[in-house]
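Colleague: just to be clear, the model below is a prediction. Sequence and coordinates:
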Amino acid sequence: MNSQFTLFRLFVVGILLIAAAPSAALDTHFSGFGTASISCFSSHTADYIVNDQPKGPGRTKRCDDGSDSLLGVQLDLGLSESVEFGLQLVSDRNEDRSFTPEVTVAQLRWRPADALTLRLGRMPTDAFLHAENRLVRYTMPWVRPPLEVYSLVPVASQDGLEFIYEGNMGHWQTEWHGGITRFDVDVPLSNTRDTFPAESYGPFLSLMLADHNTRFKLGYAYKKTTITPPAAEALFSALRSAVFPDGAQLADDLEIDHAPTHRFGIGVSHEQGDWLAMAEFGYRSIEGFFRDQYGAYGTLGRRFELWMPYATLARRWTRGPDSSSRAGFLQPAVEGLLAATRFDSTSVSLGLSREITEQATLKFQTDWIRPDKNSWGLYSNHAPDYNFADPGSDWLFTLSLDFVF
Amino acid sequence: MIRCTLFMSKGLFSMLLLFLSAPAAAGGIWIVTHQDVEVASITRAEAANLFLSKERTDSRLTPFDQRDRQLRERFYREVAGVSAASVRAYWARKVFTGRGRPPAMVSLEEVERVLSEKPGAVTYVPAEQLPEGCKVLLSIGAEE
């Protein structure tokens, strides 16, 4: 509701600006992007989940054409020499399983000086190399960005204020991004049609160094996060009962209620001639039962005219306590909660893309995915017979057509 | 046949060298603008910056990309060491994050008209297809 109100106010501001500048020649650009995709997953005991969706290929349905498929349209409206209004709508699978379009960008961009841009409104997160354009799959070599890293940040856009300062450092172009944002989303609850709320707000700062061939990105964000899954709430209530001497303190330690959150990312992308190499490392620490989560990947690709084979190795891991002796007879429940956030896994991806036209690329990617022992993997909707102690490995096959217009 | 006004900053020697090397430059690409534009020459790095909009260099110049796919591929590989596909991905990132738009496109047949009608227009052409009334800002990719 809050974010809708913010958007409403933003639209009003945009309309007022348009009305206030009737003589200004409006510079209007309409563009769009999309992906038509189908994925098949070998697991019978879990779904492979993209971008916090409620279902995916695997246990629910062997093959799924809704995990990566999406359509986005964008309108950029120049209001004056230095002010622009941007609106982007994207239709992909929502947490309620519908494909109702959502506003992913709605922002006023003001450039008070050549090097400085201020953006107010809704914007994608800026955490990693491809985070800002993660839904525009045409811009990346893979069928989707490696989730071992990119699921460390929510796919949902954020509302706030951002500055972008562009400059030079030797032969490098520099781009500083900073600001303060907040988002609130409904997270699908595994094996149900229910959701639970999550919200986060706080400042961020990132630096991009780029020349024609290389991009370095370094980013840090400090947030206050609230995540309240119903099972965790029930557990905290039980711990706070008078039965446990340290229970209340333990509940406070585990609870994620305006919890300090640190997010750090570092990445590099290099293209030289026909070769492409990328690597990123991400870290997210949420005080509470989420513990410290890390992700990393490396990708190598080579173009052969219109074709590009590529390979990616990715890893996700967690650090932090697995149990607490303070929980008494509720220790198994506490261990279950801590284990619920253990997504540790390794994947090896091999892909091949081919340019169909200058605006469309066909991609085929095979992912070999192995969740760690005692891990849920980056999956959801686990079956009762999912082997948590030793999940084994699974195969994911994806065929995608990415396009822009 | 070379009909373009050469305006290289290194003076007569460079002019002579370019004339003499013209036959060997078959396959080369020349970055051109209208002869009335004040800019005399640009470096390879400035050309890459201009066409990839990495920095706001010379506001007097407006880049125009070429529709010809092979020419564009050769140009970006020569000037920036990247493929045209990666340039398209770069501009898609810019467009969909609201931070820029790619240069407008022209065909080789349109170059002469665009250079004369659009003040500061800059584009690139095969060395053997230089239009009338233009000035060469940089020669690239010619076989030595």
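Modeller: Perfect, thanks for sending it.

Colleague: near chain B, which residues of the stretch 1-150 of chain A? Just list them.
Modeller: Proximity of the stretch 1-150 of chain A to chain B, by CB under 8 Å from any CB of the partner chain, involves residues A:29, A:31, A:33, A:72, A:74, A:76, A:84, A:86, A:88, A:105, A:107, A:109, A:114, A:117, A:119, A:124, A:132-133, A:136, A:138-140. Bear in mind the C-beta positions are built from the backbone N, C-alpha and C, glycine included.

Colleague: using the three-state scheme, assign the residue in the stretch 201-350 of chain A positioned nearest to chain B.
Modeller: The nearest approach of the stretch 201-350 of chain A to chain B comes at A:His212, 4.0 Å away (CB to the nearest CB). Of the three states, A:His212 takes coil according to DSSP: H, G, I helix; E, B strand; the rest coil.

Colleague: CA atoms only for stretch A:79-88, dumped as PDB, please.
Modeller: Only the C-alpha atoms of stretch A:79-88 are listed here, as PDB (Å, rounded to 0.1, in the frame of the first residue of the first chain):
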ATOM      1  CA  LEU A  79      10.200  16.800 -19.800                       C
ATOM      2  CA  SER A  80      13.000  19.300 -20.300                       C
ATOM      3  CA  GLU A  81      16.700  19.400 -21.200                       C
ATOM      4  CA  SER A  82      17.500  18.100 -17.800                       C
ATOM      5  CA  VAL A  83      14.400  16.300 -16.500                       C
ATOM      6  CA  GLU A  84      13.100  12.900 -17.700                       C
ATOM      7  CA  PHE A  85      10.300  10.600 -16.500                       C
ATOM      8  CA  GLY A  86      10.700   6.900 -16.900                       C
ATOM      9  CA  LEU A  87       8.100   4.200 -16.500                       C
ATOM     10  CA  GLN A  88       8.700   0.400 -16.900                       C
END
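
Colleague: off-centre distance for that stretch?
Modeller: Distance of stretch A:79-88 from the chain centroid (CA atoms, centre = their mean, to the nearest Å) equals 26 Å.

Colleague: I figured A:Ala383 was touching A:Arg59, is that so?
Modeller: Yes - using CB atoms under 8 Å, A:Ala383 is in contact with A:Arg59, at 5.7 Å.

Colleague: quick one: which of those two has more around it?
Modeller: Using other CB atoms under 10 Å in any protein chain shown as the criterion, A:Ala383 and A:Arg59 rank with A:Arg59 on top: 21 against 14.

Colleague: so for the more buried one, what pLDDT did the model give?
Modeller: pLDDT, A:Arg59: 96.

Colleague: what's near enough to touch it?
Modeller: The neighbours of A:Arg59, taking CB atoms under 8 Å, 6 or more residues apart in numbering or on different chains as the test, are A:43-47, A:381-383.

Colleague: so how far is B:Val136 from A:Gly273?
Modeller: A:Gly273 is 26 Å from B:Val136, where distance means CB to CB, to the nearest Å.

Colleague: regarding the closest residue to the residue of the stretch 201-350 of chain A closest to chain B other than its chain neighbours, what are the backbone dihedral angles?
Modeller: Nearest non-adjacent residue to A:His212, counting by CB to CB, 6 or more residues apart in numbering or on different chains: B:Ala80, 4.0 Å away. With angles defined as degrees, to the nearest 10, B:Ala80 sits at phi -130, psi -10.

Colleague: now for B:Ala80: which residues touch it?
Modeller: A:212-213, B:48, B:51-52, B:87.

Colleague: show me which residues of the stretch 251-400 of chain A are close to chain B?
Modeller: A:271-274, A:276, A:303, A:308, A:355, A:358.

Colleague: which of these fall within strands?
Modeller: Counted as lying in strands by DSSP state E, out of those, are A:271-272, A:276, A:308, A:355.

Colleague: filter the residues you listed down to the buried ones.
Modeller: By neighbour count, with 16 or more other CB atoms under 10 Å in any protein chain shown, those hold A:271, A:276, A:308, A:355 as buried.

Colleague: could I get those as TSV with distance to A:Leu338 and pLDDT?
Modeller: Shown next, in TSV, are those (distance: CB to CB, whole Å; pLDDT from 0 to 100):
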residue	distance to A:Leu338	pLDDT
A:Glu271	41	93
A:Leu276	38	96
A:Met308	41	97
A:Glu355	46	95
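
Colleague: reformat those as CSV; add distance to A:Ser324.
Modeller: Listed next are those as CSV, based on distance: CB to CB, whole Å:
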residue, distance to A:Ser324
A:Glu271, 48
A:Leu276, 45
A:Met308, 48
A:Glu355, 54
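
Colleague: low-confidence stretches in the chain?
Modeller: I'll assume chain A. Counting by pLDDT under 70, chain A shows low-confidence ranges at A:1-25, A:242.

Colleague: was after chain B, sorry
Modeller: In chain B (pLDDT under 70), the answer is B:1-26, B:54-59, B:142-144.
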